[in-house]
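Peer 1: Test case, fold it:
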Amino acid sequence: MADPQLKEKVEELIAANQVLLFMKGTPEMPRCGFSMRVVQVLDALDVEYGAIDVLPALQPLREVTAELSDWQTFPQLYVNGELIGGADLVEEMYESGELATALEVEQAEAPAPAAAETAQGPPLQIDNPPG
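Peer 2: Numbers count the residues shown, from 1 in each chain. Below is the predicted model of the structure:
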């Protein structure tokens, strides 16, 4: 069972922020690729949002969000008090234009870069041992 005080605080934060992201790390320094992907989408839409780093209280926050929205993984994006979802759902909604509509913002023509499209170095090679 979730801590009632923490649950109340989370409910207050969700209600107080039109857009709230529960993420691993911060928007300036995401601590996981999924959180980074959601930050990239929100930044592409030029949306103001609150962000909560879940890492200092990961398990208690999982218990709270499981009770509130039946969702235990992070990141979690809330818009107008409703859970939108995690990275995959946020990206799908962004690509379809649904996220911009939910956020009541204009969406530029070019979608945010997907994680797979970011600059990468050449593939690593494993040399055969001399022999």
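
Peer 1: List of residues touching the worst-scoring helix or strand of the chain on mean pLDDT?
Peer 2: Lowest on mean pLDDT, DSSP states H and E among the helices and strands of the chain sits helix 58-69, with a mean of 88. Residues from elsewhere that reach helix 58-69 (Cβ atoms under 8 Å, 6 or more residues apart in numbering): 1-3, 6-7, 10-11, 14, 22, 52, 54, 71-72, 74, 76, 83. Where C-beta positions appear, they are placed from N, C-alpha and C, glycine not excepted.

Peer 1: chain center to it: distance?
Peer 2: Here helix 58-69 is found 15 Å from its chain centre; the criterion is Cα atoms, centre = their mean, to the nearest Å.

Peer 1: Check which residues of it are buried.
Peer 2: Going by neighbour count (16 or more other Cβ atoms under 10 Å), the buried part of helix 58-69 is 61-65, 68.

Peer 1: After it, which helix or strand is next? Please name it.
Peer 2: Next helix or strand after helix 58-69 toward the C-terminus (DSSP states H and E): strand 76-79.

Peer 1: Could you give the separation of that following strand from the chain centroid?
Peer 2: 8 Å.

Peer 1: now the closest residue to residue 46 other than its chain neighbours, what's its secondary structure?
Peer 2: In space, and not counting its chain neighbours, residue 46 is closest to residue 105: 7.0 Å by Cβ to Cβ, 6 or more residues apart in numbering. Of the three states, residue 105 takes coil under DSSP: H, G, I helix; E, B strand; the rest coil.
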